[in-house]
Every structure is written in structure tokens, then in C-alpha cells.
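> let's see this in three dimensions:
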Amino acid sequence: MKLQCDMCEKAQASVICCADEAALCEKCDVEVHAANKLASKHQRLLLECLSNKLPRCDICREIVLLNC
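Residues are numbered from 1 along each chain as shown. Down below sits the predicted model:
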């Protein structure tokens, strides 16, 4: 199962913003991080590069950013 975008809750997430602790789709990532100069400096990591390194829920084995 793929992570859903935390902002629009419709599209598949493609990045994780470390500062916001949020999974975002490409459209929402651009929208959120183009808002101001400070937000544009947030470190974002591509989910496709991290999928094997992200923590997984002990019960359902899905990728988690926070506790289930």
C-alpha cells in the first residue's frame, strides 16, 4: 500500500518533508514549499529512495511517520 498525501488526502505521496513530518504528493509539495523562503528550505526526501528504510508499524507493516 502506498502512503496518501497528508495535505490533499487524495493523491499518492511522493516525498516526506522532515520539518513538517508530512508525506506529500508532488502538487502539494510544490504548493506548500513555494509559500515562502523559509518553507522552500525544508529538507524533503523522495519516498521511492526511502521505502526500505522507513519505519513500519509492528502490527500492519505499513510505513509510518508517527505511531499508528
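
> tell me, what residue is most central in this structure?
Nearest residue to the geometric centre of the chain (Cα atoms, centre = their mean): residue 23, 1.7 Å.

> for that residue, phi and psi?
Main-chain torsions, residue 23, degrees, to the nearest 10: phi -90, psi 130.

> kindly confirm my reading that residue 30 is in a helix.
Yes: assessed with DSSP: H, G, I helix; E, B strand; the rest coil, residue 30 lies in a helix.

> measure it to residue 61 for me?
Distance from residue 30 to residue 61, counting by Cβ to Cβ, to the nearest Å: 31 Å. From N, CA and C alone the C-beta is placed, and that goes for glycine too.

> repeat for residue 9
22 Å.

> now name the helix or strand holding the residue of the chain most remote from its centre.
Distance from the C-alpha centroid of the chain peaks at residue 59, with 20.8 Å (Cα atoms, centre = their mean). According to DSSP states H and E, residue 59 maps onto no helix or strand at all.

> show the pLDDT at residue 41.
Predicted confidence (pLDDT) for residue 41: 94.

> burial check on it, number of neighbours?
9 (other Cβ atoms under 10 Å).

> next, it: phi, psi?
Backbone phi and psi, for residue 41 under degrees, to the nearest 10, turn out to be phi -90, psi 0.

> quick thing: my sequence starts at 28, can you match it?
Yep, numbering from 28; the last one is residue 68 now.

> so who does it touch?
By Cβ atoms under 8 Å, 6 or more residues apart in numbering, residue 68 lies in contact with nothing.

> and residue 33, by the same measure?
Contact partners of residue 33, counting by Cβ under 8 Å, 6+ apart, are 40, 49-51.

> pick out the most distant pair among those residues.
40 and 49 (8.5 Å; Cβ to Cβ).

> which one of the two has more residues nearby?
A count of neighbours by other Cβ under 10 Å puts residue 40 above the other of residue 40 and residue 49, at 22 against 19.

> residue 37 and residue 54, how far apart?
10 Å.

> wait, I meant residue 65
On the measure of Cβ to Cβ, residue 65 and residue 54 end up 21 Å apart.

> which one's more surrounded, those two?
residue 54 (14 against 9).
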